[in-house]
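Peer 1: starting from these lines, generate the structure:
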Amino acid sequence: MRSSILPGTTLLVQAVLAGATLAGDVQWNQFRGASGAGTVPDSAPPLKIAADRATWHTPVPQGKSSPVLWGNRIFLTGLEGGRLISLAVDRNTGQILWKELAPEVPLEAMHQSNSPAASTPCADAERVCVYFGSFGLLCYDHEGHELWRKPIPTPKSMYGVATSPILHGDLLILILDDDADLPDSKLSRSRVIALDKTTGNPVWETPRPYNRGAWTSPMIWQHDGGTDLVVLGNGRLYGYDPTTGAEQWYVNGFAREPIALPVSGDGLLYVAVSMQGGRGDETLDPEPFWAAMLHFDRDGDGRIARDEITRDFTMPLRPELPVGHSGFGIPLPDDPVQRRQRQNDIFGWRDKDRDGFWTKEEFTADMSVGRGRPTVAAIRPGGHGDVTESHVAWEIHSGVPEIPSPIFHQGRLYLVRDGGVLSCIRATTGEFLYRERLGAPGQYSASPVVANHHLYLGSDRGIVTVVKCGDDFEITGQTDLGEGIAATPAMDRNTLYIRTGTALMAFR
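Peer 2: So this is what the prediction gives:
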């Protein structure tokens, strides 16, 4: 089913007055652009961002996939009327050029902070490929005509699918990490696959039997020694031969729930994985967790009684978020029998003296048990097999983001995590240059991008903060776009494209 929407006169006039975008050879063709780097050399979008300064503002279907660019088209996906949809937008005017519905399928179950349209498309000069966890892969030409489709069973995942495909040469590469076991086995059915991008036919498939559901995407690392396909898994980082899928090397020591995309620079690969549950610091500050718990202290006695763990109780994982936010913590089950059992289990777990109350000391004891270690690591290229000891240049265990990917720029690595905390690290050594608050709290899902020697940072609350790159922390501008940002922005030579909860906006 195809449809189009004509542009409004106001949008078209704005585009003409602003001048057509000078796309040149810039193709932001996958999640975070070329190689997932999150930057375009010599890109110069405006440093002052404000909703009323948008060159154009186009309503789009709900979804959390990030926009990608090729030529004068922007591609993204969404959910409209309960159906998965792919669409193309004119880069200059914001006009929706076409929409294509995916085959009608049941939507996968997922956490409410995720979306059935979370995976970002990838594109080249002839095609755009989209992945929906609920269906599989679809490939269109730039006019929206379907070229091929490949249904894929939905991977089992705690929070729903979020991985994005990439193109490399003639291959489309996709991670299919899965919590489900192979038949009669304790091994998972996780795998990474490569298809012929022109036909959708399989080229190679590599099992990942020791991996479970994850939410990261593949990345191509080009270095002096060659080219590696880099894929994070739970507990381990892998390097594969992208032409054959053969495993080349791996690094151990990461936590259970990888989300961020690795990034390269100065001859190293940088990988960030937070502790399970999103914690970014190895040394826990218990105060925010206990302060969040006191929301449930109904009698105000500074303790949590057994009868205060009621239906609306949530065990905090991310205390920087407001109570009631979908990412704040683990709620009790809806089923009354399961809820009573969970109430008994979690209360006994912390009530060490069995007096019917949680004190601060009881609640904050041993909070890191079983959740892994937050890590940012720098990896040297080369090696075979287990290179954990031989090829890890440095690692740190604080300031680690949960969802946003790290970004490299001119010898520095930048990390933004929930609460609006930005860290700047010297990329060759792991030395912290600063760690500062942006003054824009809450959760961060969008990954940072760099242009104009500035970082562009968007929060789930819709605050865009522009920070000057360098050894010193300096905010250039900050604005509230009025609705949340979960997708990573895209860029060309002079324009920043931001997807909010209901719209795609261009700032030129």
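Peer 1: contact partners for the nearest residue to V60 once chain neighbours are set aside?
Peer 2: In space, and not counting its chain neighbours, V60 is closest to L504: 4.9 Å by CB to CB, 6 or more residues apart in numbering. The way it works is simple: take the backbone N, C-alpha and C, and place the C-beta from them, glycine included. Residues counted as contacts of L504 (CB atoms under 8 Å, 6 or more residues apart in numbering) are H57, T58, V60, P67, I74, L76, V89, G94, Y497, I498.
Peer 1: report the two of those residues separated the most.
Peer 2: H57 and L76 (14.8 Å; CB to CB).
Peer 1: ok, those two, which is more surrounded?
Peer 2: L76 (27 against 19; other CB atoms under 10 Å).
Peer 1: distance of the closest residue in space to that one that isn't next to it in sequence from A503?
Peer 2: Among residues not flanking L76 along the chain, P67 sits closest, at 4.8 Å (CB to CB, 6+ apart). For P67, the distance to A503 equals 11 Å [CB to CB, to the nearest Å].
Peer 1: likewise for G160?
Peer 2: 23 Å.
Peer 1: more neighbours: these two, which one.
Peer 2: Higher neighbour count among G160 and A503: G160, with 22 against 18, using other CB under 10 Å.
Peer 1: pull the contacting residues for the more buried one.
Peer 2: Here G160 is in contact with E108, A109, M110, H111, N114, S115, P116, A118, G133 (criterion: CB under 8 Å, 6+ apart).
Peer 1: quick check: can you list the domain ranges of this protein?
Peer 2: Domain ranges of the chain: 2-281+371-507, 287-364, per automatic domain parsing.
Peer 1: looking at those, which is buried most?
Peer 2: Of all those, domain 2-281+371-507 carries the top mean neighbour count, a mean of 20, counting by mean count of other CB atoms under 10 Å.
Peer 1: quick one: mean pLDDT over it.
Peer 2: The pLDDT scores in domain 2-281+371-507 average 92.
Peer 1: how far does that domain sit from the chain's center?
Peer 2: Centroid displacement of domain 2-281+371-507 relative to its chain, using CA atoms, centre = their mean, to the nearest Å, is 6 Å.
Peer 1: centroid residue for the chain?
Peer 2: Compute the mean C-alpha point of the chain, and by CA atoms, centre = their mean the closest residue is I403, 4.8 Å away.
Peer 1: that residue reaches P448, doesn't it?
Peer 2: No. Look at I403 against P448 with CB atoms under 8 Å: they stay out of range, at 11.4 Å.
Peer 1: could you identify the helix or strand that succeeds the helix or strand harbouring L195?
Peer 2: For L195, the host element (DSSP states H and E) is strand 191-196. Next along the chain after strand 191-196, taking DSSP H and E as the criterion, comes strand 202-207.
Peer 1: list the contacts of G278.
Peer 2: L317, R318, G327, E402, D418.
Peer 1: and the nearest residue to it once chain neighbours are set aside, what does it touch?
Peer 2: Spatial nearest neighbour of G278, excluding adjacent residues (CB to CB, 6+ apart): E402 at 3.8 Å. For E402, the contacting residues are I259, S274, G278, G280, R318, R417, D418, by CB under 8 Å, 6+ apart.
Peer 1: apply 10 Å and report the result again.
Peer 2: Contacts for E402 (CB atoms under 10 Å, 6 or more residues apart in numbering) come out as 257, 259-260, 272-280, 317-318, 327, 374, 417-418, 443-445.
Peer 1: tell me which of those residues fall in strands.
Peer 2: Counting by DSSP state E, the part of the contacts of E402 found in strands is A272, V273, R417.
Peer 1: return the member of those residues nearest to V323.
Peer 2: Of all the ones in strands among the contacts of E402, V323 sits closest to R417, with 19.5 Å by CB to CB.
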